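>>> Model the structure of this input:
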Amino acid sequence: MKELSIFVDESGDFGDYAEHSSYYIISMVLHDQDVDIAKDLAWLESRLAELGYPHHCMHSGPVIRNEQEYRKDTIENRRKLLKAFMVFFRRLDITCKAIAIEKKHIQDPLEAVARLAKQFAGFIRENYSFFMEFDVVKVYYDNGQVEVTKLLSSVFVSLLENVEFRRVFPSDYRLFQVADLVCSLKLLDLKKEKHELAKTEMLFFEDERTLQKKYLKPFYDKLGVLE
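Just a heads-up that it's a prediction; the model follows:
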């Protein structure tokens, strides 16, 4: 039985617009279960152990911004950690999709959900024949935000008959952590285009050329290429 796994994560909230939370992003990582990624996973686990992060659950945004559990880490160690995850990301035979809205143009949460749902549905319709190649499409999400849970259910169920939903714990699935990375990369891309990168982000990447070449280009290469 052919199975497609879709790991979903989000960045931002449905509250009022603020400079520190100006975008809302939903990411998807699509993995055909016939494609074996065991060697890639083994490489990542080995590399994380070498760096002193064995069995570590990756949180890309805090790594970049020096937040949460990474506050005591040096910038060199944080760079090595993200680089390792980027190598893993590049090696994977997966497809990614990231949809986003800028909250300053949104009147209320209902409008935000509607705009995201429209983009979500458009992606599925454009690639409908691809999704129908699979006997089952399993959507993995951590139920982090009620609005996203409802959006996923309404859009997928209305457009696909072969969909199932699974609640995921981020520490259990590396591909869910990749979805988190995709959110971070999409946010960096949006902020770079509008010259809104924070000082901590510029310090981490050193310059925009490095960000573009080593992080955003691999991200673009994985976006929405469904065969």
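
>>> I'd like to know how many residues surround Lys104.
For Lys104, the number of neighbouring residues by other C-beta atoms under 10 Å comes to 11. Bear in mind the C-beta positions are built from the backbone N, C-alpha and C, glycine included.

>>> Can you tell me the SS state at it?
When the structure is reduced to helix, strand and coil (DSSP: H, G, I helix; E, B strand; the rest coil), Lys104 reads as helix.

>>> Where do the helices of the chain begin and end?
Read by DSSP state H, the chain holds these helices, from start to end of the chain: 38-50, 60-65, 75-91, 109-126, 128-131, 146-159, 174-193, 199-205, 208-210, 217-222.

>>> Which residues does the third one contact?
Okay, so that is helix 75-91. Contacts made with helix 75-91 from outside it, assessed by C-beta atoms under 8 Å, 6 or more residues apart in numbering, are listed as 40, 43-44, 47-48, 51-53, 56, 58, 60, 63-64, 66, 70, 73, 174, 177-178, 181, 203-204, 214-215, 218, 221-222.

>>> Going through the residues you listed, which ones are buried?
Of the members of these, the ones counted as buried by neighbours, 16 or more other C-beta atoms under 10 Å, are 40, 44, 47-48, 53, 56, 58, 60, 63-64, 66, 70, 73, 174, 177-178, 181, 204, 215, 222.

>>> Okay, now the unreliable bits of the chain?
For the chain, the stretches flagged by pLDDT under 70 are 14-21, 225-227.

>>> ok, the spatially most distant residue from the centre of it - contacts?
Relative to the average C-alpha location in the chain, and by C-alpha atoms, centre = their mean, no residue lies farther out than Met1, which sits at 26.5 Å. Applying C-beta under 8 Å, 6+ apart, we find Met1 in contact with 135-136.

>>> and if you look at His31?
The contact partners of His31, by C-beta under 8 Å, 6+ apart, come to 4-7, 37, 92, 94, 175.

>>> Quick check: of those residues, which lies closest to Glu193?
Ile94 (24.3 Å; C-beta to C-beta).

>>> Does the closest one touch Leu175 like I think?
Yes. Ile94 sits in contact with Leu175 when judged by C-beta atoms under 8 Å, with a separation of 7.3 Å.

>>> For the two, work out which one has more neighbours and name it.
Comparing Ile94 with Leu175 by other C-beta under 10 Å, the one with more neighbours is Ile94, at 22 against 19.

>>> How about that one: what's its closest non-neighbour residue?
Spatial nearest neighbour of Ile94, chain neighbours left out: His31 (5.1 Å); criterion: C-beta to C-beta, 6 or more residues apart in numbering.

>>> Quick check: bridge partners of the residue lying closest to Arg115 once chain neighbours are set aside?
Of all residues beyond its chain neighbours, the one nearest Arg115 is Ile101 (5.1 Å), with distances taken as C-beta to C-beta, 6+ apart. Listed by DSSP bridges, the beta-bridge partners for Ile101 are Tyr24.

>>> From Val113, how far out is Ile101?
10 Å (C-beta to C-beta, to the nearest Å).
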